[in-house]
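Asks: I need the structure of the sequence given here:
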Amino acid sequence: MSAASRLWRRAPAWRFFLYCFGLFLILGLLFPTPFVTRHMGWTHALTRHLPSFGGNAPKEPSSDSASASPDGSGGAGPDLSDPDRFITPDIATAITGLLPFAGHTLPLPAGVWHPVLSGQYGMNGAISLNVLARTDRGVVTGVIIASTTNQDVPRAVIEDAYNHCHDDRNYHSTIFADHPDGKTECSYITAAYMGPNTAISSDPLIQLAFKRLSALGFPMPSVFIVASWLNSAGVNDRVKGSTNVTMLLAPTQKGTVVLRAPLPYWDKRLIVRSQPALDFVRAVDRWFAGWVPTLRQGMTQDYVNAAPDPALARDPAAPE
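Replies: Model (predicted):
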């Protein structure tokens, strides 16, 4: 009898852990973590030929980050063919300070914002959407994607959006609330890269908004720094519903699409090698930490015609 066979017969604990190793190896290949999928490209070739047991993984570092919204449509996607649900307002319209939004107040960062896309989607049009853009000398310096509903949203939908706050590709995440009654609130800072044909998200609404900006001739940078806030009411909250406000800020030289640092250095793993990139992300993080209470107050209370504090509203990408 060989040593291996004797070990197999006389070491039940060793056999147990060997079985577990094989089991968890298979599970790790079927359900790879974001860290594994980012660093082990071969996992895509494997999982491409396996049945999908969940949602599609984002193809870009933040392809879904800018589209996390409380959508109760069950993943079917919005009906972009319904002209009564979506409008493309006059891009020349100037909005400053705040925007009345579904009975609440959407505070706006500094600068002049222009409406890009507006409408309702989800079951019976329960979710309101607004996309706005800010420019400096014709160049896009910021985009706001805001969605909200006053109705209860399925817990599974909220958890799917909430997972963005736990993505290890984020520069920083903050969990404000995660209660058993369903109350959820979090924020995160990450990066979103512009793909071919201005594809920055898998969400068809966001694709439509960015395609409109491109068609109108607005230059945009190849990467945005994303600051996103998600809030979903619990069963004991007076105001029901869910809100997601995502801001894409251009990390560029003023009035240009020239990045403050080369494109590779905006990756979380490399950003420490570029002080300008690191400084900008840290500035966005500090600013957004002070801006979230303003968002919370505006989007969880009834509409109030009061502009936010100008000092708080000045984000790092705001025009001079």
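Asks: Tell me where this structure has helices.
Replies: 3-10, 12-30, 34-39, 42-47, 155-162, 204-215, 275-299, 310-313 (DSSP state H).
Asks: ranking those helices by mean pLDDT, which is last?
Replies: The weakest mean pLDDT among the helices of the chain belongs to helix 42-47, with a mean of 37.
Asks: which residues of the stretch 1-150 of the chain fall in strands?
Replies: For the stretch 1-150 of the chain, the strands defined by DSSP state E, counting those that start in this stretch cover 86-87, 98-101, 104-107, 113-121, 127-136, 139-149.
Asks: now the last one, how far from the centre of its chain.
Replies: So the one you mean is strand 139-149. 11 Å (CA atoms, centre = their mean, to the nearest Å).
Asks: and it, what does it pack onto?
Replies: Judged by 3 or more CB pairs under 8 Å, 6 or more residues apart in numbering; DSSP states H and E, strand 139-149 is in contact with strand 104-107, strand 113-121, strand 127-136, helix 204-215, strand 242-249. Using the backbone N, CA and C atoms, a C-beta is placed for each residue, glycine as well.
Asks: Tell me which of the ones you listed sits most buried.
Replies: strand 242-249 (a mean of 27; mean count of other CB atoms under 10 Å).
Asks: Can you tell me the strand partners of that strand and which way each runs?
Replies: strand 139-149 (antiparallel), strand 223-232 (antiparallel) (DSSP bridges).
Asks: Point out the most buried one among these.
Replies: Note that of the strands paired with strand 242-249, strand 223-232 is the most buried (mean count of other CB under 10 Å), with a mean of 26.
Asks: Report the distance from it to the chain centre.
Replies: Offset of strand 223-232 from its chain centre (CA atoms, centre = their mean): 5 Å.
Asks: again with stretch 209-227
Replies: Remark: stretch 209-227 is offset 15 Å from the chain centroid, using CA atoms, centre = their mean.
Asks: Likewise for stretch 147-162?
Replies: The answer for stretch 147-162 is 14 Å, by CA atoms, centre = their mean.
Asks: now for that stretch, what's the gap between its first and last residues?
Replies: 15 Å (CA to CA, to the nearest Å).
Asks: mind checking how far Gly103 is from Met194?
Replies: 34 Å (CB to CB, to the nearest Å).
Asks: Same question for Pro115.
Replies: 21 Å.
Asks: just to revisit the earlier point, for the strands of the stretch 1-150 of the chain, please prepare a markdown table with the additional fields mean pLDDT and distance to Asp181.
Replies: Shown next, in a markdown table, are these (pLDDT from 0 to 100; distance: least, CB to CB, whole Å):
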| stretch | mean pLDDT | distance to Asp181 |
| --- | --- | --- |
| strand 86-87 | 84 | 34 |
| strand 98-101 | 94 | 25 |
| strand 104-107 | 94 | 22 |
| strand 113-121 | 92 | 27 |
| strand 127-136 | 94 | 22 |
| strand 139-149 | 94 | 18 |
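Asks: Of those, which is nearest Ala313?
Replies: Closest to Ala313 of the strands of the stretch 1-150 of the chain, according to CB to CB: strand 104-107, at 7.1 Å.
Asks: Neighbouring strands - and their directions - for the closest one?
Replies: With DSSP bridges as the test, strand 104-107 is paired with strand 98-101 (antiparallel).
Asks: any idea how far the strand it pairs with is from the chain center?
Replies: That offset, for strand 98-101, works out to 21 Å (CA atoms, centre = their mean).
Asks: buried ones in it?
Replies: Using 16 or more other CB atoms under 10 Å as the test for burial, strand 98-101 gives Leu98, Leu99, Phe101.
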